[in-house]
Every structure is written in C-alpha cells, then in structure tokens.
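*Asks:* below: sequence and its predicted model.
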Amino acid sequence: MGGLAVIEVVALDGDDTLWHSEQMFVDTQARFRDLLAPHVDLDHAALDARLLEVERRNLSTLGYGVKAFTLSLIETAIEVTEGRVLGRDVQAIVDLGKALLDHPVQLLDGVPEAVDALTGRYRVMIITKGDLLHQESKVARSGLAEDLWAVEIVSEKDAPTYERVLRRHRIDPASFVMVGNSVRSDVLPVLALGGRAVHVPYHVTWELEQPDHDPADGDFPVLAGLTHLPACLEAMGAEAA
Ligand SMILES: [Mg+2]
C-alpha cells in the first residue's frame, strides 16, 4: 500500500456503530404493515418492496433519517391504498415517526469502554449522517460527546464529503481511520481517499446501505464489535510504522 502514517484521528459512525438504530426502523416498519393490513391486499414482501421504492425515489430530495422515513411511509400508504388511507391512519404513521425520534439512545455493548480507551490515544470524532436535530440530540444523549475531539453531522457520506471534513480539520487521510457498520458509507469512500477503515457490521443492514459491489477480501479489518477496536487500531498502527 505505502504512504500510511501513524494513526492520529479515529472517526466513529453513529447509527448502528455506537447506538442501535436500524432495528428500530425494522420494528416500526412491522407496525406500519400491521396498520395497513386491513386496507390493502399486499403481502409483507410486496409492501416492503413498495416502501423501498418510495425511499429510493425520495433519497436525493429528503436525505436520510427518521423524517424522510416517515414521509416515505405516508407516501407509500397513500399509494398502496390508492388515496383511501384515513386521516387517523396517517396520524398513526406520524406518531410512529415521532416515537422513533423520541426513542432513548441505546449504546451498543462495550461502546463507552471502547471510546474511553480510544480517547486516551487518538483524536476521536463522530461522523454521522441524517436529520441534523435528531443526530445532535442522539450525540448529546449518548453521553459520549464531552470526550470527543469533534462531531460532524453530514447529509451524505461519500468521498467528496469526507474530503471536505478532513480538509476542514486539517487531517491527513493517511493518518485517518473511519470505523462504522456500513461498507457503502463508512468504508469504501474513505479507502478511496487513501484513508483506512474498519468495518463493524450490525446485525441488520438497510437495503439502501448495501454497497453497489462487494469489496475485495482483506482490504479492511472486520470486527465483531467495538470492544475489539483498540487492539485492531494498535495492530494497524504497528503495520504502518
Ligand atoms: Mg451507521
């Protein structure tokens, strides 16, 4: 590879890396299906496919996060009922969205200990995408914020975005490691910039977070949890030295 420097900055993704997120969307989607079941003649898979189609269509306009998801649920309900969805059911969908926004932040196992170990050694930041207000509130409620060097909330996690964030903080990509659950958002764009990345998969991945192509084996470490991150970074740093 060549050109790798000592690791100085470690960036952590938020949703499904530090705290649970996707499972709550999955649970909400199940309640959405139950809500619509009396009104539409579609099985689970067909309704999920219709929702995914709407979410994909809305992504460039609405971006990521709960509010975009809620609007996509409403739009799907209108489409699959051919406009017959009742006002009270729309209200019930809005309430599902609000419950997601109000949900307590549940850290993944071992996160506080791992972050604590990292902040003693590296500059540690969060880079997360989604609704600004919701992400700010989750960072604050996580209890992790005060030990962090920086928090960046972005609307997309692609190579140009990472490049901007790194430039703004004067971070050399060769000394930067991104850690997250999404190969598409946390790993591939950072590798493309000459940085390093660690994949920590969550037990469920949103369809629109799947990478367009499978990455080559061995391009980046894959960990079972954040607990293993300090030792992994230690090994990566030793390799570069
Ligand atoms: Mg994530």
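*Replies:* Looks like it arrived, so ask away. Residues are numbered from 1 along each chain as shown.

*Asks:* after the longest helix anywhere in the chain, which helix or strand is next?
*Replies:* In the chain, assigned by DSSP state H, the helix with the most residues is helix 44-62. Once the chain leaves helix 44-62, the next helix or strand it forms, by DSSP states H and E, is helix 66-80.

*Asks:* I'd like the mean pLDDT over that next one, please.
*Replies:* Averaged across helix 66-80, pLDDT comes to 98.

*Asks:* ok, now stretch 140-158?
*Replies:* 95.

*Asks:* how close does the residue lying farthest from the centre of the chain get to Asp34?
*Replies:* For the chain, the largest distance from the centre (Cα atoms, centre = their mean) belongs to Arg84, which lies 33.9 Å off. Arg84 sits 17 Å away from Asp34, going by Cβ to Cβ, to the nearest Å. Heads up, the C-betas are built off the backbone N, CA and C, glycines and all.

*Asks:* ok, Arg50 next?
*Replies:* Distance from Arg50 to Asp34, by Cβ to Cβ: 16 Å.

*Asks:* tell me which of those two has more neighbours.
*Replies:* Applying other Cβ atoms under 10 Å to Arg50 and Asp34 shows that Arg50 carries more neighbours, namely 17 against 9.

*Asks:* pretty sure that one sits against Glu79.
*Replies:* Yes. With contact taken as Cβ atoms under 8 Å, Arg50 and Glu79 are classed as touching, separated by 6.7 Å.

*Asks:* so Asp212 sits in a helix?
*Replies:* No. Counting by DSSP: H, G, I helix; E, B strand; the rest coil, Asp212 is not part of a helix but coil.

*Asks:* what number of residues lie near the closest residue to it other than its chain neighbours?
*Replies:* Of all residues not flanking Asp212 in the chain, Arg184 sits nearest, at 7.6 Å (Cβ to Cβ, 6 or more residues apart in numbering). For Arg184, the count of nearby residues is 19 (other Cβ under 10 Å).

*Asks:* is it true that Arg184 touches Pro211?
*Replies:* Yes. Assessed by Cβ under 8 Å, Arg184 is found in contact with Pro211 at 4.4 Å.

*Asks:* so Val124: helix, strand or coil?
*Replies:* strand.

*Asks:* that one and Asp147: what is the separation?
*Replies:* 7 Å.

*Asks:* those two - which one has more neighbours?
*Replies:* Between Val124 and Asp147, counted using other Cβ under 10 Å, the more crowded position is Val124 (22 against 13).

*Asks:* and that one, bridged to which residues?
*Replies:* Val10 (DSSP bridges).

*Asks:* right, and it touches Trp149 too?
*Replies:* Yes. If you go by Cβ under 8 Å, Val124 and Trp149 touch, sitting 5.7 Å apart.

*Asks:* still on that earlier bit, in three-state terms, how would the residue nearest to Asp212 be classified?
*Replies:* Arg184 is classified as helix under three-state DSSP.

*Asks:* and what of the one 3 residues further on?
*Replies:* Under the three-state scheme (three-state DSSP), the conformation of Val187 reads as helix.

*Asks:* is Lys129 bridged to anything, and to what?
*Replies:* Going by DSSP bridges, Lys129 forms beta bridges with Val154.

*Asks:* would you mind listing what in the chain touches the ion?
*Replies:* 13, 15-16, 181 (Cβ under 5 Å from the ion).
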